[in-house]
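J.: After the sequence you'll find the predicted model.
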Amino acid sequence: MHKMRRAAVRAAIVGAAILGAGVAGTAQAQAPVKIGLVLPYSAGPFVAIANEITDSMALALEESGYMAAGRKIEILREDTTHKPDVAQAKAKKLVFEDKVDMLVGPVASAELTALFDFAHQAKVPLIIPNAGDNEVTGEKCSPWVLRTSFSNDQIVRDMGRWMAGKGFKKVALLAFDYKAGHQLMGGFKKPFTEAGGTIVTEQYPPFGRLSDFGPWLGKIRDAKPDAVFTFFAGPPATLLVQQFKEFGLDREMKLAGAGWLVSPLSLPSQGKAAAGVIGVLNYVPAIDNPVNKSYQERFQAKFKRTGSEFGAQGYDTGKLIHAALTQAGGKTDDKAALVKAMHAVRIEGTRGPLRIDPRTNNVVQDIYVFETELQGDKVGYKVLDRIRDVQDPPNGCKLGG
Amino acid sequence: MTPPASHSRHAVALLLAVLAVGYWLASGYYGKELVAETAITAILAMSLSLLVGQAGLVSLGHAAYFGIGAYALAGFGQKLGWPPALAMAAAVAVGALLALVVGWVAVRLAGVFFIMITLAVGEMIHAWFLKDRSFGGVGGMSGVPRLDLSGIGVDLADPAQFALFALAVALLVYLLLDRLVLSPFGQTLRAIHQNEERARALGCPVGRYKLAAFVVAGAVAALAGTLAAQRSAFVSPELMTWTLSGEILIVVIVGGSGSLLGVSAAAALWIGLRHQLSTMTDHWMLAMGVIFVVLVLVAGDGIDGALRGLWRRIAARRAARRAA
Amino acid sequence: MIIQLLNGLQLAMLLFLLSVGLSVVFGLMRFVNLAHGTLFMLGAFVGLSTVEATGSFWLALAAGTLAAAVAGGLLYLGLLRRLQPAGPLKQVLVTFGLIFIGLEVARLVWGDYAERLPGPASLAGATEIFGVYYPTYRLFVIALGLAVAALLHFGLERTRLGAVIRAGVDDRTMTAALGIDIDRVFFAVFVVGCALAGLAGVVAGPVLSVYAGMDMGVLILALVVVVIGGPGSLKGAFAGALLVGMAETFGQVWLPEVAGMLLYGLMAAVLVLRPQGLLPAGPRA
Amino acid sequence: MTAPALAAEGLQKSFGALEATRSVTLAVPAGGRHAIIGPNGAGKTTLFNLLSGALMPDAGRVLLGGTDVTRDGPDGRARRGLARSFQRNSLFPEMTVAAALMTASAIADGGAAAFWRRFDRDPARADAAAAIAARVGLADQLGALSGNLAYGAQRQLEIGLALATRPSVLLLDEPTAGMSPEETRAMLALLAGLPRTITILVIEHDMDVVFDLAERVTVLDYGAVLLEGTPADIRTSDVVRRRYLGERTQ
Amino acid sequence: MTAPLLAVSGLHAHYGPSHVLQGIDLAVPAGGVVALLGRNGAGKSTTLKAIMGVVRPSAGSVAFAGQAIAGEATDRVARRGIAWVPETRAIFPSLSVEEHLTLAARRGGWGLDRIYDRFPRLRERRRSGGGTLSGGEQQMLTIARAMTTAPRLLLLDEPTEGLAPLIVEEIEAMLRSLKAEGMALLLVEQNLAFALAFADHVVLIGKGRVRWSGPPADFHGAAEAQAWLAV
């Protein structure tokens, strides 16, 4: 079965290549399609994520030999150095100087804020491969800014009901005190309380400094919840998972959270302490579909580690762009048509079926509830539940569509 | 340090400006962005040069005034809807006011303690904006208004035109600060720097002069901040990190702390080098760090001192040839 | 409450290990070694690699400490000693540059991913103390911090070398005039301070995680400790670390609105009201 | 009767257990020339610092022209017409002689606050500086950096800086310290030539200088006034001879 | 004639632009006592500092036991066997009395017992901090500290200055016994009577130069010497 699926994928790739070659004959003289990547490659906490997105997108584009509708696809990388103003300047450079057809970026929300306005005003498609601010595809939405990753709300909206349904009636919330933290906790809270759950305590430590969760975990223990629902990523996530165990809270309550808490990027540093955590996310490496299987195989062969949700988003972004370019017949001069093509395509991604919702420009995707468990002497993932076709309401976005 | 005769100084200023405009003409889009960034950095560095080079006050929290200028512009211009020109003036005033309050206590301290208190206050302000959600916290805030110069046919939303505008402001700041440096006030700051006890014995209320210098530096840094906010129409706490303060301090030292033109040239070198290196490698910070250390090691009196030395040597050789 | 006290104490001891070297160097040589945090990070990474290679946390502790000591020694001999006549500003700036070099070297050698430095198996789990369960490793951190503090106190107050160091802080010229090679003593102190930073890095590894850039956050905290306690003073570093550890822990819990600013406010207040610090180095009663 | 130009009333100052100054009272009439002598550790420098405002007394008052200035700092007293020179040269080493003198006069007359005028284009001030330079014998050194001057010339500039503030009272702290005999003679001539509109109080070890310049001499010992009188009184005093030369009658 | 223990010749030193020493020549024979006289600011203290290497000589030579030591680091000069009792006394405020006495102790130097027997006051105060001592106690401690380093030559800078008469006598007695034991001394002293009675040889400096030198007995007869010192 395994072999069969791989063969199917291979056939699909070959087919796409032939198709591409066929069209190429008619449009040989055309200049390449240029895609500008604006990501923090050299500084700050998101270097690993930036590289994972870029590498995975390359994997997706390699499948078609960097060709779409007969046009070569060229990737231009620019480094934001984790500074919003640099991100914006680099985006402008890509658009005005290098004449890219679309932008892909960034990772951090501050950089997104800086890029958003520019893309909106310059009417250049900006495809967000990882940043979850609800407003960007909600009240602030722009016809030019599309998102292939997720909105914060989208990740957690159904988790409240799920948790309440599983008997976690008293939950403590814990996230950094910033926009994403509040959006994810808020998105969880409302459906959860509507489903009969109680929030026993909410803790928001200050963002961005050496953090020891000891003080916060102490407060949470005093509140005696059934579970803690959290949002952390990167080093703080590692810290929290370890300290949760160290303080013995794992014997009294369940640790749950937006799935970045136990991302494949963090698992090596979390060790066995990461086992038994419930996560909810748009991706988990254990997703059982042929695209994901193929993606993970190729990624692991090349980079000797498990591809993360960031990589999966990068891969799917590459696929979506490729599909849209093909749909548009390789024409990129009309940016509005390009966006329309993005709206029109439907693909099977690593996360299952994907499309861009024309009403919000946010992706419509499946959301997975999973649990980490010991598999041999390593921690792995087990999918508990799959919530299909999760689509954001317009949330004040007036794109219509 | 005595400034060189004004005609040669202004000639160098003009040369720098011409070089900048020449680069602006020759470069593509991103080059113009670099010109704008250089101009803003130069203004910030010149303001710190007034403190470090003239008054001898080494601040490691200068980015706070830069950031406060940017945030104040965002607050007045966007949140309160004031006209951009008024908001900009008010933002500069806020920078000055903050410097007045901080300076009131800080100028009593000397040496490394002054460095530490400026760092502490800078981090405090940074922490406030990191937390406060009405300005977007870590995510920052967009939609900062730009000055409307359509009356003179300038559109600041156009990066190329904005670069020229920033350059013009930098030139203006240079002229003003140059005037200040050459005035009795500037002369007195240098006197305090060279010998505080003597200045006091001559009747100089030393604290008040230092405070005045601190306020002027804060106001000019805030002005640079308003430009930075207008350039990207965006503000975030990244504008006021202590590492930015450190970088600007290095620019000032590399330029020759007391020389407005030296530090401006160092700002250009800094931005140019960073751009060049970052296009070559993702590990450009390593190269920058090494260059940093080497420059500080060999800097002596900085670019300014090196050029003066060169000039003296040329003059000496010419004199020798004439004599021969 | 007891847990929070222990948390505060644990953070305080970590900060003490980190800042005591910074403080004494500041007091002796009148300059701030901004690369001190980098040595902390170096200790953590070398410890990490040692654990990966040998599986032994205790070897890692030794290796990380040694690595930071060697790096500190080279730094002093190669750069800082030469800069001494140039004055403190240049030393501060050079060490500021070293922060970036250290960061990038760490990225090049150890990559961009956060890693976990596992604590020793013998200290895994929790121990009951004062009626609460508390992570054993953290109790070890507290004990280690107290032990190092006691050892340093003994060394500084009860040994001849300690007396030499105090004499050097009081009056460098007179100490030399008694035939003591004060430069060598200072070098030794610098190296020991760096070694402690490396030790702190390894010890912090299992509590925080190890990643390029882990030095930036702790550096400022260490500076706050030094300034609050009083530069050059062991007691000051200890008191400063306690104060900062507790303020950080209880401030976040009780005053979350201002917690981010609390420490800096404290530091500024100390600078204004008692610029010599709370427990400065100085005369004995 | 007019108030003395400079007066100390019962000045006291202790450093820990050390009583550096014990109830020192003295008065210098306008235009007077007064010297303070005493062995090392007698409290001369402390007294000087109390008078100039560098130290605050534990008790007692300092009066300038009858006005109580005890609570003023050194800059406040300077603005009231008190100028001082330093025992160790205290100059602006990176300024030319002309710039240093102009700065001193600008600080003294409040012109230093001007931030729009050009400092180097103020002919009136430059002329005044040149006049002072000429008075202290530095007329040909106007363009030289203070830090590069020979030691003797630096001592002269030390006096020049004080004079540039147009003082009514001048405190001189060992004006000939470290000078060669020739330089000392030149300095003496300089001081002797100062107008009587300036009241002078001088601390000096060189007795030639003291007896040449002063009309009255105060001898300090152990922080207290041992004796006050004319130079002739002092010269012939056994007490002074014994204390000052340390000759003990055993 | 054997070479003197300490031979200084043509010594120059500057403080910044101030030419403090302008060619000092003097010699201290082993076991001899030389008094260095002169007004304040004449350069006496600077001469001692230049010998110790605290002030770097700008010209001239210093030989100790036949070895050239001018320009050597202070700590090396000290280890050669010269101890310095500075005018400021330079007590370490953060060290106890006993720590002062063990800090730099070397073989052959005075031990604690000997010091405490000689200065019972120091025994009483051996746990006290240096900053809490009275002037007399400080002076005793400074001399005792110097003696722990087993010096062959002691440089004393106004050891009796500012002290109460009783203490002065105690210090003077101490110096006499040091002399009797054969310790070489170079003594800066303002107390003319004591200096003349105590020293084997007198060197008078004024304005950075040696103005007179000779045996104490000749001093009162030398008018030019009187002139460089007198009121």
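T.: Yep, that arrived.
J.: hmm, the helix or strand of chain C with the lowest mean pLDDT touching chain B?
T.: The helix or strand of chain C with the lowest confidence, counting by mean pLDDT, DSSP states H and E, is helix C:81-83 at a mean of 81. Yes - applying C-beta under 8 Å from any C-beta of the partner chain, one finds helix C:81-83 in contact with chain B at C:82, C:83. The C-beta positions use only the backbone N, C-alpha and C, and glycine is treated the same way.
J.: From residue A:68, how far out is residue E:148?
T.: Here the criterion is C-beta to C-beta, to the nearest Å. By it, residue E:148 lies 88 Å from residue A:68.
J.: These two: which is more packed in?
T.: Between residue E:148 and residue A:68, counted using other C-beta atoms under 10 Å in any protein chain shown, residue A:68 has the larger neighbour count: 27 against 23.
J.: Which of the three states applies to the closest residue in space to the more buried one that isn't next to it in sequence?
T.: Leaving aside its sequence neighbours, residue A:68 sits nearest to residue A:325 (C-beta to C-beta, 6 or more residues apart in numbering or on different chains; 3.7 Å). Under DSSP: H, G, I helix; E, B strand; the rest coil, the three-state class of residue A:325 is helix.
J.: which residues does residue A:325 contact?
T.: Applying C-beta atoms under 8 Å, 6 or more residues apart in numbering or on different chains to residue A:325 gives the contacts A:33, A:68, A:69, A:71, A:73, A:332, A:338, A:341.
J.: Restricted to helices, list these.
T.: Residues of the contacts of residue A:325 located in helices (DSSP state H): A:338, A:341.
J.: Residue C:215: how many residues sit nearby?
T.: Using other C-beta under 10 Å, the number of residues around residue C:215 comes to 26.
J.: Remind me which helix or strand it belongs to.
T.: Per DSSP states H and E, residue C:215 falls inside helix C:214-229.
J.: elements contacting the helix or strand containing residue A:236?
T.: Assigned by DSSP H and E, residue A:236 falls within helix A:235-246. Under the contact criterion of 3 or more C-beta pairs under 8 Å, 6 or more residues apart in numbering or on different chains; DSSP states H and E, helix A:235-246 touches helix A:214-223, helix A:267-270.
J.: which other helices and strands contact the least confident helix or strand of chain C?
T.: For helix C:81-83, the packing partners by 3+ C-beta pairs under 8 Å, 6+ apart are helix C:88-110.
J.: top helix in chain E by residue count?
T.: Chain E, longest helix under DSSP H: helix E:165-180.
J.: swap in chain B?
T.: Chain B, longest helix under DSSP H: helix B:206-232.
J.: That one close to chain A?
T.: Yes - interface with chain A: helix B:206-232 contributes B:228, B:231, B:232 (C-beta under 8 Å from any C-beta).
J.: Where neighbours are concerned, which of the residues you listed has the most?
T.: Neighbour max across those (other C-beta under 10 Å) = residue B:232, 31 neighbours.
J.: these two touch, right, that residue and residue A:90?
T.: No - Residue B:232 is beyond contact range of residue A:90, at 11.1 Å (criterion: C-beta atoms under 8 Å).
J.: does any bit of stretch D:156-170 sit next to chain E?
T.: No - using C-beta under 8 Å from any C-beta, stretch D:156-170 stays clear of chain E, with a minimum separation of 11.2 Å.
J.: Who are the contact partners of the closest residue to residue D:223 other than its chain neighbours?
T.: Leaving aside its sequence neighbours, residue D:223 sits nearest to residue D:43 (C-beta to C-beta, 6+ apart; 3.8 Å). By C-beta under 8 Å, 6+ apart, the contact set of residue D:43 is D:20, D:21, D:22, D:24, D:220, D:222, D:223, D:224.
J.: Buried members of those into PyMOL, please.
T.: Only the buried entries of those go into this PyMOL selection, using 16 or more other C-beta atoms under 10 Å in any protein chain shown:
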select buried, chain D and resi 20+21+22+24+220+222+223
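J.: For the nearest residue to residue B:99 once chain neighbours are set aside, give its distance to chain D.
T.: Counting by C-beta to C-beta, 6+ apart, residue B:99 lies nearest to residue B:218, which is 2.5 Å off, once chain neighbours are set aside. Distance, residue B:218 to chain D, by C-beta to the nearest C-beta, to the nearest Å: 15 Å.
J.: that older thread, will you turn the contacts of residue D:43 into a markdown table that also has pLDDT and secondary structure?
T.: Output for these, formatted as a markdown table (pLDDT from 0 to 100; DSSP: H, G, I helix; E, B strand; the rest coil):
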| residue | pLDDT | secondary structure |
| --- | --- | --- |
| D:20 | 85 | strand |
| D:21 | 89 | strand |
| D:22 | 90 | strand |
| D:24 | 92 | strand |
| D:220 | 88 | strand |
| D:222 | 81 | coil |
| D:223 | 86 | coil |
| D:224 | 89 | strand |
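J.: what's the closest of the contacts of residue D:43 to chain C?
T.: Closest approach between these and chain C, by C-beta to the nearest C-beta: residue D:20, at 19.2 Å.
J.: which residues sit in contact with that closest one?
T.: By C-beta under 8 Å, 6+ apart, the contact list for residue D:20 reads D:13, D:14, D:43, D:46, D:223.
J.: For the stretch 301-401 of chain A, just list every one of the helices.
T.: Per DSSP state H, counting those that start in this stretch, the stretch 301-401 of chain A carries helices over the ranges A:309-327, A:335-344.
J.: Out of those, which one sits most buried?
T.: Of the helices of the stretch 301-401 of chain A, the one with the most neighbours on average (mean count of other C-beta atoms under 10 Å in any protein chain shown) is helix A:309-327, at a mean of 27.
J.: what's the angle between that helix and helix A:335-344?
T.: Angle, helix A:309-327 to helix A:335-344, by axes from the mean of the first three to the mean of the last three C-alpha atoms, to 10 degrees: 120 degrees.
J.: returning to what we had before: tell me the angle the helix holding residue A:236 makes with helix C:214-229.
T.: Counting by the same axes, to 10 degrees, helix A:235-246 lies at 70 degrees to helix C:214-229.
J.: what mean pLDDT does helix A:235-246 have?
T.: Average pLDDT, helix A:235-246: 87.
J.: got the contact list for it?
T.: Contact partners of helix A:235-246, identified using C-beta under 8 Å, 6+ apart, comprise A:45, A:174, A:176, A:211-214, A:217, A:228, A:230, A:232, A:250, A:255, A:260-263, A:266, A:269-271, A:273-274, A:277, C:114, C:116, C:126, C:135, C:137-138, C:206-209, C:211, C:214.
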